[in-house]
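Undergrad: would you be able to build a 3D model of this:
(chains A, B and C)
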Amino acid sequence: MTQNQALKEFQFQPDDFKLARHQDVSVVEQITPARPAWKDSVNLFLRNKGAVIGICCIVIITLFAIFAPMLSSWKYDDINTALQNIAPNAEHWFGTDTYGRDLWVRLWQGTRISLFVAVMAILIDVVIGVTYGMISGYFGGKVDSIMQRIQEVINSIPTLVVLTILLMVMQSNLFTIILALAFTEWIGMSRITRAQVLKTKEEEFVLASRTLGASSFFIIFKEILPNIYSQMIIMIMMSIPNAIFYEAYLSFVGLGLPIPEASLGTLINDGFNTLTITPYQMTIPVIVFSILMLSFNLVGDGLRDALDPTMKEM
Amino acid sequence: MEKQRERILKIRDLNISFKTSGGTVKAVRGVNLDLYKGETIAIVGESGSGKSVTTKAIMGLLANNGQIDSGMIEYHWNDEYTNEPKTVDICQLSEKELQSEIRGRKIAMVFQDPMTSLNPTMTIGKQIMEPMIYHYKRTKKEAYEKALELLELVGITDAEKRMKNYPHQLSGGMRQRIVIAIALSCDPYVLICDEPTTALDVTIQAKILELIQDIQKKKELSVIYITHDLGVVAKVADYVNVMYAGKIVETGTIDEIFYDPRHPYTWGLLSSMPDLDTSDDELYTIPGTPPNLAQDIQGDAFAPRNEFALNIDLREDPPMFDVPGSKSHQVASWLMHPNAPKVEMPETLRKRLELMKKKGGVKDE
Amino acid sequence: MSKSTVRYILRRLAISAVTLFVILVVLFCMVRFLPGSPINNEHLSDAQRAAIEASYGLDLPIPQQFIKYVGGMLTGDFGVSMNLYRDMQVSSLVASRAPISFFLGLSACILGTIVGILLGVVAALKKNTIWDTLATVLSVIGVSIPSFVFAMLILIIFGTNLHILPTMYSSRQPIYSAIMPILALSVSVIANVARFTRTEMISVLNSDYIMLAKAKGLSQKDIILKHALRNTLIPIVTILGPILVNLMTGTMVVEKICSVPGLGSLLINSIQASDYNVILACSFLYAAMYIIMMLVIDVSYGLIDPRIRLGKDD
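TA: Model (predicted):
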C-alpha cells in the first residue's frame, strides 16, 4: 500500500495540523497516588482465601475459648462419678469423660490454656531473641562470636530433648511449661535481629551520631524495630502452632499440665487412652487442635506472602 | 548496499498481546521488520516498548499468557541439500516444529544477563555440546571438537580446561562469550542479541560487541540487536528501528537515524544519550512515562509526551511516512504530513549531531 | 575433594565433638538434679534406699559420677537401668530398641521424599490447574497437622474399623505392623518436600537458563529432565535437616500411639519412671544423631552443588 493510499483513509479536520502544545506536558504523568505499604499488604493478605479462612477460624475458636466456659453451667473440673463417659447429648454437648467432667467446657478451657501457653511462650521468645540478637550484633567482635558459638550449640540440641529435660527438672505446671517453650524458638528471632543490627550499624546516621559521642544503642533500637516488624509477625505466626504442638507433645510424654487442668494436649492424651471405647473423647479435641494448627499455618503463609515476598522460598 | 540483498526474515503487521490480571496488554502493535543476510539491525526503545517481545516471538518463545493476534513472521532459507529457496511462517509452526527446526538451528539468541543464563550445575562443555548432539546427532567426540573450536572462536583461552568448569567459576565477560558459543553451536543464520552487554562491565562491553561483529563477518550471520543503548547501536548496526509502545516509530539506516532523525521520540532518545562532551546536568530526559498498554490508545501513543504533538495526534495514529529522497527512511509521525507545520529538531541536539559528524561519523571511530 | 573441603569437614567434626560434650555435661547435671529418685519403692527403709543408691554410685559427688560415667561410656557402658528394666545394661536396651526407630524414620523419610518430589514436580508443571491446587492444599494440611493426628486417623480407620492394619505393633510381623507408623510419619515429609519442590521448580522454570535451554531448541522433556530437575532437587537437601528433626519428634509420639517398642517409647517410659541412665542415654543418642545428620547434610550439599565450596566463605 503506498503512502498516498494510506493517507486517503483519514478524515482530516481543519485544525489537525496545529501544534497541540498548549497542553501542559506534565499533565500526562499519570502517577497512581502513593498508597501506604501496609494497605497493599492488607489487600494482598485479604486476597489470600486460605489466610482469611484461617483468621476467621482462629477468631471463632478464640471467642469460644474465652466465653464458652463462662456461659456453661458446668465447670471444667467438676467431678461427678454419676455421669461417667456419657456420649454427646443435649445436656453435655460433647459428652463427659471418665471422671464425669463435661467435655464441652473442658474442651474450650483446654483450648484457652493451649492458646495462652503458646502465645505467652512466643512473646517471651521474641523478647529473648531480640535482646540476644541486639546484644550480639551491637557489641560485635569477641562478644558476638562467643554468643554465636553458644547459639550454635543450643541450636544443635533437638528441641524435644531440651523440653523434656527442662520440664523434668522444673516440675511441670503452667508457668514452667511456658518457660520451657519460650526457650525453644528464640534463635530464629535473634538471627533476624542480629542481621538487621549489623546492617543498621553501618548506616551513616548511626556512624555520625557515634562520632558526635551520642549513644547509638537507642538509635539502632529505634531504627531496627520498624525494619524487622514484618519478619517478627511472620515468625510469631509460624511459631505459635509449633508451641501448641509441643505443648501437646509434652502431654503425650507425661510432662503436660498436672491434673485436673485441661489443655488440648492433655485432652487428646486422656482421650487416646480410651480411644476404642469412647472415640469422641479424643476425636473432638483432635479436630479443634488440627483446625487451630492449620489456621495458624495458613495465616502465617498469607502474612509471609503479603508482608515479605522475599521470604517466600523459605 | 548495491549488491543483491537476500531477505531472511520478513515480519508484517505483527500484533502480540498478553493476558494479565490487569487486563489484556497489547505489547506489540503492528510491527513491520525486514532482516537481510549478513546485515545487522537494531531495535531501540525504552523498557516495555515491545522490543524483547518481538524477538521472543521470532523464536516462538512467548510466555504462556502471550499470544500472536495477527501478522506473520516469514523465515526464508535455502535447503541444505537441494539449495532451493524455502519459506515458512514462524507464527504458524507447531511447538514441535519450532523446537526441532527453528530454535538453535536457524535462529539463536544471546541473553542479557550472562550471570543467570547458564545452568549453574552443568559444566560449560556439556552446555555447549548439548544442542549439537541434540539437533545434529553428532557423537560426543565430534561435539567436543567443535565445542573446543567454538571456545577458541569466542576468544576463550585454555579451552580444554574451561570445558570442565562450572559457570560460577568464570567472570561475567567469559560467561557471555560462552553464551555466544552456545548460540553459534548449531550454525544458525540469525543471531538475536537481547541487550548483550547491559549486564557487563564497560571495559568488557566493547570487546563483546567486537567479538559479535567479528563472528558475524566470518559466518555471514544476520544479527538483531535489542538495546536501549544508542551507543551500542552506533557501534554495530546497519539499520535502526526505533520502537515506542509496541510500534516502530522510525526506521532507517544508521546514518539516517543519527544525522537526520525525524521523529520527536528519536530526538528525545538522541538527546538523552550521554557522551563525553555533555555534562550530566545538561543531559536531557524525555518527560513522562510510556503509556499503559493495557488500555486502548487513542491516536499517537507518544503524543502525551510529545512537545510537538499536533491536534490530529490526539485522534489518529500516524501511518508510516517515507522520508523524501530515501528508500529506507520511514517515520510514523504526522509532522511528516505535507500540511504539518515545519518543526525542526532542538538546537542543542542539532549541535551535538553536527559535532558527532565532524568527529568522523558514528561508526568505526 | 579439595583441601579446603577436608579442612571444613574436620572443623565441623571438631565443633560437633565439642557440642556433644557440652550436651553430655548439661544432660548429666540436669538428670542428676531431677526431683525424685529412681529408687522409689515405698517399702524400702531409708537405710536400704541409701544402700541401693550407693550400689549405683549415686552417693558420690556429681563430678566424680560424671567422670565415672564418661569413662564407662568410652568403653560402651552406659550404666544400668535403675527401675524400668531392673539392672539391665542400658547399652543393650538401647541397642534392642534403636533399630526399629531407625527403620521407621528412614523408611518414612525415603518414601516421603520420593512421593513429595513427584507431587511437587507435577504441581509445578501443571501450575494453576486443579492438580496444583490439590497438591497445594494437601501439602498445607500435611505441613500443619502433626504426624500423631495422622497416626490416630489411620489407627481408627484402618485398624479399629476396617481391620486391615494391626492396631498393635507385633514383633512377629515387623513389616506389616510398620506400615501404619511409616505412613503416619511420611505425611509431613511428603508435604514439606512437595511444597518446597513446587516453589523451587517454578522458580527454576522461570529462570534465564531454562529460557536459554528453550532457545537451544531442546524438547520440553529434555529441559525438565536435564536442566530443571537437577537444579530443583539439589536444594531439597537443605530442608532434610528440619524434616529429620520433625521425624524424630514424630517418632516419639507415633511410637506411643502405634505401641511400637522403639527408642521414643523407651524415652517416654524412662521419663515417667525417672530412670536416670536410660533418659541420659536416649537423649544423648537423639542429640548425637541430630548433630551427625546435620553434618552429613551440610557436607553432602557442598559436594553435590558445584556452586557451594565448603570452607571458602567461612
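
Undergrad: in the chain, which spans are strands?
TA: As the question left the chain open, I've gone with chain A. Per DSSP state E, chain A has no strands. Nothing in it meets that criterion.

Undergrad: give me the neighbour count for C:R230.
TA: Applying other C-beta atoms under 10 Å in any protein chain shown, we find 16 residues neighbouring C:R230. All C-beta atoms are positioned from the backbone trio N, CA, C, and that covers glycine.

Undergrad: tell me the pLDDT at it?
TA: What the model reports for C:R230 is a pLDDT of 88.

Undergrad: strands of the stretch 251-365 of chain B, start to end?
TA: Counting by DSSP state E, counting those that start in this stretch, one finds strands in the stretch 251-365 of chain B at the ranges B:321-322, B:330-331.

Undergrad: given the first one, what are its sheet partners and their directions?
TA: This means strand B:321-322. Under the criterion DSSP bridges, strand B:321-322 sits next to strand B:330-331 (antiparallel) in its sheet.

Undergrad: tell me which helix or strand of the chain sits lowest on mean pLDDT?
TA: By default, I'm working from chain A. Ranking every helix and strand in chain A by mean pLDDT, DSSP states H and E puts helix A:3-8 at the bottom, with a mean of 62.

Undergrad: think we crossed wires, I meant chain C
TA: Confidence across the helices and strands of chain C bottoms out at helix C:46-55, with a mean of 75, counting by mean pLDDT, DSSP H and E.

Undergrad: so for it, what gets flagged as buried?
TA: Applying a neighbour-count criterion of 16 or more other C-beta atoms under 10 Å in any protein chain shown, the buried positions in helix C:46-55 are C:52-53.

Undergrad: which strands and helices sit next to it?
TA: Other helices and strands packing on helix C:46-55, by 3 or more C-beta pairs under 8 Å, 6 or more residues apart in numbering or on different chains; DSSP states H and E, are absent; none qualifies.

Undergrad: neighbouring contacts of the helix or strand just after it?
TA: On the C-terminal side of helix C:46-55, the closest following helix or strand by DSSP states H and E is helix C:62-74. Contacts to helix C:62-74, defined as C-beta atoms under 8 Å, 6 or more residues apart in numbering or on different chains, come from residues C:24-25, C:28-29, C:32, C:57-58, C:60, C:78-79, C:280.

Undergrad: hmm, which of the residues you listed are the buried ones?
TA: C:24, C:28, C:58, C:78-79, C:280.

Undergrad: now, the residues you listed that are in helices?
TA: Among the buried ones among the contacts of helix C:62-74, DSSP state H puts C:24, C:28, C:280 in helices.

Undergrad: show me how far stretch A:292-308 is from its chain's centre.
TA: A distance of 8 Å separates the C-alpha centroid of stretch A:292-308 from that of its chain, computed with C-alpha atoms, centre = their mean, to the nearest Å.

Undergrad: now that stretch: buried residues?
TA: The neighbour-count criterion (16+ other C-beta under 10 Å) identifies A:292-307 as the buried residues of stretch A:292-308.

Undergrad: in which helix or strand does the residue in chain C positioned nearest to chain B reside?
TA: Of all residues in chain C, C:G217 sits closest to chain B, with a separation of 3.4 Å (C-beta to the nearest C-beta). Assigned by DSSP H and E, C:G217 falls within no helix or strand.

Undergrad: who touches it in this structure?
TA: B:99-100, B:102-105, B:131, B:134-135, B:186.

Undergrad: okay, residue 225: pLDDT?
TA: All of this refers to chain A. A:L225 carries a pLDDT value of 76.

Undergrad: right idea, wrong chain: chain C
TA: pLDDT recorded at C:L225 is 90.
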